[in-house]
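Q: My questions concern the predicted model and sequence given below.
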Amino acid sequence: MSGVNETLVREYFELHNFYVRQHRKYISSNVRTEEEADFYIINPRTPDTKSDLPFVLGSEHLRKLSSALVVVKGWHTETFGPAMLSTTPEMFRFAESSALKEATSVYGGSAPATLMVIPVLPANPELKEESIRLLREKGISGVILFRTILGDLIQNIEINRNYQKSDVLQLIRILKTYDFLKEQQMELFKPVKKRKKTSVKPVQAG
């Protein structure tokens with residue numbers, strides 16, 4: 001499953017014209033893989049840095065990103081709430097100063113941002129803010145939700161285009177071709193607008 005998660009994330013960033021490099025293709029004997037970044041991404045265009053990036057990133061914010069270390073956490077049955085974040089310190093080690101210095105020495109340029117791709121943050125506003133506070137304290141620059149990535153890929157895949165070099169994109173294309181992914185289903189990835197309440201006038205007897 002981890003391979004599928006990483007493939008989705010790689011395809012997402014490449015779709016938005018980022019250069020994507022796997023940070024390390026081997027597993028070190030003295031460092032666990034969850035302590036390292038999965039990708040190093042570089043924006044070859046001149047980023048638009050006129051405004052600050054929000055913590056929860058959408059696809060529209062990527063143009064402002066210059067470079068980043070990215071770690072993929074495809075724990076799709078987990079909510080990244082305060083309790084879980086407080087008991088898994090190892091997954092933040094990719095954001096430590098030593099890791100950033102290493103990335104800078106290898107790839108050059110300024111220190112990269114540190115991004116996490118996660119399934120979901122808590123729905124409760126207070127718990128969500130607490131989770132964001134903890135992530136910031138651990139050195140995380142921002143998060144991207146899998147819902148954002150999946151929705152963006154589904155929306156941008158064209159059924160008349162052959163994605164033979166990517167099994168994941170080809171599968172999405174086939175599902176769209178045979179109407180297993182319809183427009184109504186893609187609407188699930190967009191915010192639901194609240195309906196206005198309408199008052200019903202009583203019918204008067206004639």
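A: Ah, there it is.
Q: Walk me through the domains of this protein.
A: Domain segmentation of the chain under automatic domain parsing yields 2-156, 159-194.
Q: tell me the secondary structure for the residue nearest to Phe39 when sequence neighbours are not counted?
A: For Phe39, ignoring the flanking residues on the chain, the nearest one in space by CB to CB, 6 or more residues apart in numbering is Val70 at 4.3 Å. Quick note: C-beta positions are derived from backbone N, CA and C, even for glycine. Following DSSP: H, G, I helix; E, B strand; the rest coil, Val70 is assigned to strand.
Q: show me where this structure has helices.
A: Here the chain has its helices, by DSSP state H, at 2-15, 82-86, 97-107, 125-137, 146-156, 167-177, 183-186.
Q: Of all those, which one is nearest Gly58?
A: helix 146-156 (5.9 Å; CB to CB).
Q: Quick check: buried residues in that closest one?
A: Within helix 146-156, the residues scored as buried using 16 or more other CB atoms under 10 Å are 146, 148-154.
Q: wait, doesn't Lys64 sit right on Leu53?
A: Yes - using CB atoms under 8 Å, Lys64 is in contact with Leu53, at 5.6 Å.
Q: quick one: contacts for the nearest residue to His16 once chain neighbours are set aside?
A: Using CB to CB, 6+ apart and skipping the chain neighbours, the partner closest in space to His16 is Leu62 (5.0 Å). Leu62 makes contact with 13, 16, 18, 43, according to CB atoms under 8 Å, 6 or more residues apart in numbering.
Q: Phe146 now?
A: So Phe146 contacts 5, 8, 74, 76, 117-120 (CB under 8 Å, 6+ apart).
Q: Try it again at 6 Å.
A: Pro119 (CB atoms under 6 Å, 6 or more residues apart in numbering).
Q: Tell me how far it lies from Ala123.
A: Phe146 sits at a distance of 15 Å from Ala123 (criterion: CB to CB, to the nearest Å).
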